[in-house]
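Chemist: got a predicted model here, sequence first, then my questions.
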Protein chains: 2
Amino acid sequence: MKSRNTCELPFGAVVSITGRGRFIFFNDRLRPLGLSAGQVPVLMLLYNEQNITQETLVRHYQIDKGTIARAVKKLEDAGFIRRITDPGNRRAVRLFLTGKGEQVAPVLREINREWEEQVCSGLSKSERDTLTSLMRTVAQNSHRNMQNTGEKPDAGN
Amino acid sequence: MKSRNTCELPFGAVVSITGRGRFIFFNDRLRPLGLSAGQVPVLMLLYNEQNITQETLVRHYQIDKGTIARAVKKLEDAGFIRRITDPGNRRAVRLFLTGKGEQVAPVLREINREWEEQVCSGLSKSERDTLTSLMRTVAQNSHRNMQNTGEKPDAGN
């Protein structure tokens, strides 16, 4: 693998490299737990709010239906979440964390902390604070734009 | 879709939201060209260096073999790249941009510029420069770590 000089890369390219690196880091750390990085968004939303549908996940993350369905199925098979059919609407399946799923939350936070330590190596505390603050603004703008792109969540990527 | 307050999110979460938003933005802009965001890394590496193999792409991006193979196949079918079998080693297929592929480079740069304008809305020129500089350091660390995770490139995600 060629080493890569990032000194001249535009902001978008360094975001892309960093995001991909985080995905690989999470996959590597999650594999022994029977989890993968693609399942993390499902767990994260369920930590904030249980009793949601797959449709809510699709809308929230703008990830295509098939990808969300596969992540949900794997999480259910591995015992991290359970699906309960709404008695009033048999098509609406509600998602809940199991006890096993709840126990993974601190593990995910620790993996994230470890990743942040690695990738922010060489930055001062003040630089890290500045970076996080600026990236929060960027993420807020990104999140607003995602709602406005008109992307069909079930369009294949 | 619920609005999301990013003020308290850790750095890793805002990187993840921003990366996903960029992927969706690129998909939205590339669809009329018959391209998708997942094919961009293949084109970008070929702009820097032609006459490479799929194995080089897998190692460079640490993306699994199947994903790279599908992206390469779609790009070939759509006429953006061509594959030439190495006469000295029939298993080694070399990748090259076509004229059509070369013409896409300025389009990708323009899409990235447009995305940066949107997500950096509200930041001053000085803040954008600071952010890009800090994120280049983070990407450099990420890239080095990707080489050290020991991830098997063909492990399914």
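Modeler: Alright, I've got the coordinates. None of the values given here were measured: they were computed from a predicted structure. Residues are numbered from 1 along each chain as shown, chains lettered A, B, ... in the order given.

Chemist: separation between the closest residue to residue A:29 other than its chain neighbours and residue A:22?
Modeler: Spatial nearest neighbour of residue A:29, excluding adjacent residues (Cβ to Cβ, 6 or more residues apart in numbering or on different chains): residue A:111 at 4.7 Å. All C-beta spots, glycine's among them, are computed from the backbone N, C-alpha and C. Separation of residue A:111 from residue A:22 (Cβ to Cβ, to the nearest Å) stands at 10 Å.

Chemist: compare these two and say which is more crowded by neighbours.
Modeler: In this view residue A:111 and residue A:22 are compared by other Cβ atoms under 10 Å in any protein chain shown, and residue A:22 has more residues nearby, 28 against 21.

Chemist: list phi and psi for that one.
Modeler: phi -70, psi -40 (degrees, to the nearest 10).

Chemist: is it in contact with residue B:12, as I believe?
Modeler: Yes - using Cβ atoms under 8 Å, residue A:22 makes contact with residue B:12 at a distance of 6.1 Å.

Chemist: what do these two both touch?
Modeler: residue A:115 (Cβ atoms under 8 Å, 6 or more residues apart in numbering or on different chains).

Chemist: what helices and strands are in contact with the helix or strand containing the residue nearest to residue A:29?
Modeler: Residue A:111 belongs to helix A:105-119 when assigned by DSSP states H and E. When contacts are defined as 3 or more Cβ pairs under 8 Å, 6 or more residues apart in numbering or on different chains; DSSP states H and E, helix A:105-119 sits against helix A:11-30, helix A:40-48, helix B:11-30, helix B:125-148.

Chemist: so which elements touch the last one?
Modeler: Same thing as helix B:125-148. Judged by 3+ Cβ pairs under 8 Å, 6+ apart, helix B:125-148 is in contact with helix A:11-30, helix A:105-119, helix A:125-148.

Chemist: determine which stretch of these is the most buried.
Modeler: Of all the helices and strands packed on helix B:125-148, helix A:11-30 has the most neighbours on average by mean count of other Cβ atoms under 10 Å in any protein chain shown, namely a mean of 23.

Chemist: gap between it and the chain center?
Modeler: Per Cα atoms, centre = their mean, to the nearest Å, the displacement of helix A:11-30 from the mean C-alpha position of its chain is 11 Å.

Chemist: next: stretch A:49-68.
Modeler: On the basis of Cα atoms, centre = their mean, stretch A:49-68 sits 12 Å off its chain's mean C-alpha point.

Chemist: what of stretch A:44-62?
Modeler: Computed by Cα atoms, centre = their mean, the separation of stretch A:44-62 from the middle of its chain amounts to 11 Å.

Chemist: which residue is nearest the middle of chain A?
Modeler: Nearest to the mean C-alpha position of chain A, by Cα atoms, centre = their mean, lies residue A:41 at 3.3 Å.

Chemist: surely that residue touches residue A:56?
Modeler: No - the pair residue A:41 / residue A:56 is not scored as a contact, 11.9 Å apart, by Cβ under 8 Å.

Chemist: output the below-cut-off pLDDT ranges for chain A.
Modeler: Along chain A, segments meeting pLDDT under 70 span A:1-5, A:149-157.

Chemist: mind doing that once more with 80?
Modeler: A:1-8, A:62-63, A:86, A:90-91, A:147-157 (pLDDT under 80).

Chemist: give the full set of residues in contact with the residue lying farthest from the centre of it.
Modeler: Checked against the mean C-alpha position of chain A, the extreme residue using Cα atoms, centre = their mean is residue A:88, at a distance of 30.6 Å. Residues in contact with residue A:88 (Cβ under 8 Å, 6+ apart): none are found.

Chemist: quick check, it in a strand?
Modeler: No - read with DSSP: H, G, I helix; E, B strand; the rest coil, residue A:88 is coil and lies in no strand.

Chemist: separation between it and residue A:94?
Modeler: From residue A:88 across to residue A:94, the span is 11 Å (Cβ to Cβ).

Chemist: closest point of chain A to chain B, which residue?
Modeler: residue A:19 (2.7 Å; Cβ to the nearest Cβ).

Chemist: residues contacting that residue?
Modeler: Residues near residue A:19 by Cβ under 8 Å, 6+ apart: B:15, B:16, B:18, B:19, B:20, B:22.
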